[in-house]
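**Q** Pasting a predicted model and its sequence here:
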Amino acid sequence: TPKEYHSRLTCNRANIHAADSFMSKSVLWELYEGSLWRWRFHPREKKQTAAMKWGSLVDCIATTPELVDSEYIILPADAPERPTEAMKNAAKPSASSLARQQWWADFEPIVNGRNIVGADDMALARQAVKMLTETCQESADIFAKSKSQVIIAGRALDVKCTGLVDLAPEGEDFLADLKTAHDFSEEGFARTVSTFGYHVQAGLYLALWNASFPNDQRTRFKLIWQEPEPPFETCVSELSQADIEAGWLCASVLIQRLINTTA
């Protein structure tokens with residue numbers, strides 16, 4: 001599952017050639033944005049922002065709907081707010097505080113490690129997915145003929161690398177990825193690609209895919225953009241070959257940099 005992919009296929013920064021080490025675009029991009037010393041000894045903390053939580057929810061509903069119930073639980077409308085640490089440690093807690101603590105003590109076992117989401121947020125996320133899979137024709141066509149959340153793995157410059165492809169449409173020569181966007185202009189898309197290194201993702205993913213599937217070669221990479229609030233505007237763009245080649249070159253240079261420092 002996507003959760004297992006992110007928790008199990010991780011990078012061993014002390015030894016990138018280790019059996020348990022797998023390079024990814026996000027790890028490479030962290031190196032691109034900082035120093036080698038910081039990358040190796042002070043990895044960036046993975047903090048889930050509200051935007052990331054929203055993106056993960058939409059992604060799960062759109063690409064792995066069979067996992068929604070095992071990944072998420074809806075918070076009842078009458079649920080009280082979580083008790084604070086001060087409430088828990090109070091010498092003489094009030095009756096309302098005790099009631100709140102008891103409600104959450106009863107609810108936590110039901111959660112069982114799942115992500116908690118409000119009913120309103122779940123409804124909005126389903127609206128967003130409907131836009132992706134039904135209303136926006138170009139996006140819907142890609143979803144309709146795609147395998148989703150496809151794990152690809154291989155070697156780049158003899159270093160094991162992995163990727164998780166959102167959408168791999170059958171019978172086409174491109175891969176596609178779902179992205180969030182706030183600026184729906186060509187300039188806005190270009191800035192987002194540059195800021196988050198989506199061209200590096202494209203170059204690496206296409207290289208890994210083509211090495212893994214010699215009879216199903218892909219040369220193009222499309223991005224399905226969606227805004228994270230109603231009306232969830234959606235459109236599809238395609239990276240140029242120059243961007244893809246530049247992304248693969250960047251990934252190669254970063255991997256070689258790591259090889260040179262561990263040789």
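**A** Perfect, thanks for sending it. Residues are numbered from 1 along each chain as shown.
**Q** which secondary structure element contains the residue located most distally from the centre of the chain?
**A** In the chain, counting by CA atoms, centre = their mean, residue 92 sits farthest out from the average C-alpha position, at 44.2 Å. Under DSSP states H and E, no helix or strand contains residue 92.
**Q** Also the one 5 residues further on?
**A** Secondary-structure element containing residue 97, defined by DSSP H and E: helix 95-111.
**Q** Output that helix as CSV, restricted to C-alpha atoms.
**A** Listed next in CSV are the C-alpha coordinates belonging to helix 95-111 (Å, rounded to 0.1, in the frame of the first residue of the first chain):
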residue,chain,number,x,y,z
ALA,A,95,-17.1,17.4,35.1
SER,A,96,-17.1,18.6,31.5
SER,A,97,-13.3,18.0,31.3
LEU,A,98,-13.8,14.4,32.6
ALA,A,99,-16.6,13.8,30.1
ARG,A,100,-14.4,15.0,27.3
GLN,A,101,-11.5,12.8,28.3
GLN,A,102,-13.8,9.8,28.7
TRP,A,103,-15.3,10.4,25.2
TRP,A,104,-11.9,10.4,23.6
ALA,A,105,-10.7,7.4,25.7
ASP,A,106,-13.7,5.4,24.2
PHE,A,107,-13.1,6.7,20.7
GLU,A,108,-9.3,6.1,20.4
PRO,A,109,-9.6,2.3,20.2
ILE,A,110,-12.0,2.7,17.3
VAL,A,111,-9.6,4.9,15.5
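**Q** Just the buried residues of whatever helix or strand comes next after that helix, please?
**A** Where DSSP H and E defines the elements, the next helix or strand beyond helix 95-111 is strand 115-118. Neighbour-count burial for strand 115-118, counted by 16 or more other CB atoms under 10 Å, picks out residue 117. Every C-beta, even on glycine, is put in place using the N, C-alpha and C of the backbone.
**Q** Stretch 75-95 now?
**A** Quick answer for stretch 75-95 (16+ other CB under 10 Å): 83, 87, 93.
**Q** Include distance to residue 187 and pLDDT when you put those residues into JSON lines, please.
**A** JSON lines is the format used below for these (distance: CB to CB, whole Å; pLDDT from 0 to 100):
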{"residue": "83", "distance to residue 187": "47", "pLDDT": "88"}
{"residue": "87", "distance to residue 187": "49", "pLDDT": "87"}
{"residue": "93", "distance to residue 187": "55", "pLDDT": "88"}
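**Q** between those residues, which is closest to residue 247?
**A** Closest approach to residue 247 among the buried residues of stretch 75-95 (CB to CB): residue 83, at 47.0 Å.
**Q** hang on, that closest one packs against residue 97?
**A** Yes - if you go by CB atoms under 8 Å, residue 83 and residue 97 touch, sitting 6.6 Å apart.
**Q** All the strands of the chain, residue numbers only.
**A** Under the criterion DSSP state E, the chain carries strands at the ranges 72-75, 115-118, 146-156, 159-169, 174-180, 220-226, 234-238.
**Q** Need the ones you listed in CSV (columns: distance to residue 126 and mean pLDDT).
**A** Formatted as CSV, the strands of the chain follow (distance: least, CB to CB, whole Å; pLDDT from 0 to 100):
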stretch, distance to residue 126, mean pLDDT
strand 72-75, 12, 96
strand 115-118, 11, 94
strand 146-156, 17, 94
strand 159-169, 18, 97
strand 174-180, 15, 97
strand 220-226, 13, 98
strand 234-238, 14, 97
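**Q** Which one of those lies nearest to residue 134?
**A** Of all these, strand 234-238 sits nearest to residue 134, with 10.5 Å by CB to CB.
**Q** for the closest one, packing partners?
**A** For strand 234-238, the packing partners by 3 or more CB pairs under 8 Å, 6 or more residues apart in numbering; DSSP states H and E come out as helix 137-144, strand 220-226.
**Q** So what's the predicted local confidence for the most centrally placed residue in the chain?
**A** Centroid check for the chain by CA atoms, centre = their mean gives residue 56 as the closest residue, at 6.4 Å. Per-residue confidence for residue 56 comes out at a pLDDT of 93.
**Q** distance of it from residue 110?
**A** 21 Å (CB to CB, to the nearest Å).
**Q** Nothing else from me, thank you.
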